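In: Here is a sequence together with a model predicted from it:
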Amino acid sequence: MRVASKIVADILNELRTMIQPGITTYELDKFASNEAKKRNSKCAFLGYHNYPSSLCCSLNDQVVHGIPTKTPLVQGDIISLDFGIYFDDFFGDAAATFPVGEISKSADALLKVTEQSLQAGISMAYPGNRLGDVSFAVQSYVEDKGYSVVRDFVGHGIGRNLHEDPQVPNYGQSGKGVVLKPGMVLAIEPMINEKSHEVKVLKDKWTVVTCDGGLSAHFEHTVAITDKGPEILTLV
Ligand code: MF3
Ligand code: CO
């Protein structure tokens, strides 16, 4: 899982450097798929429940599962890239939201809160803690700052399958849920909205958007629970 996750992190890091006004998410998707091939690995999302692409590219008010398009990104956009790899029988999964050129102060604040909420969750991923400690850490960080947590989509266990038990909600109660043990690996992935938490799925059956048109951001890491604490596998 360390190897699969490192491939995800490296490719996401290269994608990050390509993001600028004028590039299309179609081009980013082709790049990611090509890089996966070079590393003898498979894109985890392509064909998953018939998902049509390798990358999920969610723009502005899109929350998750946006399908790559040939529409160029423009200055001021925020773009969430979510990518998964299958290598040597194991999966890795990560996401991040990036600014396109200069973005508004409010958009920048949303990105920072979302990334920090992921760190708040990870910081609770110790053996002996419960899953609810992770969920509550994310939720309280976000809500204290006046943002809202998407409830209809959650993180997940990950291993020989992309999605395994347990589900990892970004809201919940401390002290509740399964006890974390060394060897468990979780994909923790807060999806955070500027305004209401309510989301809906578009007619393409994939793209999830905010109901009120507010911005949404998404950060995800694949995190192993070790006896020393959390080990983030999707770091460069
Ligand atoms: N990273 C997302 C997840 O954890 C994306 C997978 S959905 C897919 O569920 F269909 F695009 F694969
Ligand atoms: Co995931």
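Out: Thanks, I have the structure now. Ligands and ions are numbered 1, 2, ... in the order given.

In: Compute the distance between the closest residue to Thr226 other than its chain neighbours and ligand 1, please.
Out: Across the structure, with Cβ to Cβ, 6 or more residues apart in numbering as the measure, the residue nearest Thr226 apart from its sequence neighbours is Pro182 (5.5 Å). Bear in mind the C-beta positions are built from the backbone N, C-alpha and C, glycine included. Summarising the geometry, the distance separating Pro182 from ligand 1, computed by Cβ to the nearest ligand atom, to the nearest Å, is 23 Å.

In: Also Ser104?
Out: Look at Ser104 and ligand 1: by Cβ to the nearest ligand atom, they are 26 Å apart.

In: do Thr226 as well
Out: Note on Thr226: its distance to ligand 1, by Cβ to the nearest ligand atom, is 22 Å.

In: Is that residue bridged to anything, and to what?
Out: In this entry, Thr226 is beta-bridged to Gly229, by DSSP bridges.

In: so how far is Ser80 from it?
Out: For Thr226, the distance to Ser80 under the criterion Cβ to Cβ, to the nearest Å works out to 28 Å.

In: ditto for Leu131
Out: Here the criterion is Cβ to Cβ. By it, Leu131 lies 24 Å from Ser80.

In: And these two? Which one has more around it.
Out: Neighbours around Leu131 and Ser80, counted as other Cβ atoms under 10 Å, are more numerous at Ser80. The numbers are 26 against 23.

In: Nearest residue to Gly213 in space, please, no chain neighbours.
Out: Closest residue in space to Gly213, ignoring its immediate chain neighbours: Asp61 at 5.1 Å, by Cβ to Cβ, 6+ apart.

In: List the contacts of that neighbour.
Out: The contact partners of Asp61, by Cβ atoms under 8 Å, 6 or more residues apart in numbering, come to 209-210, 213-216.
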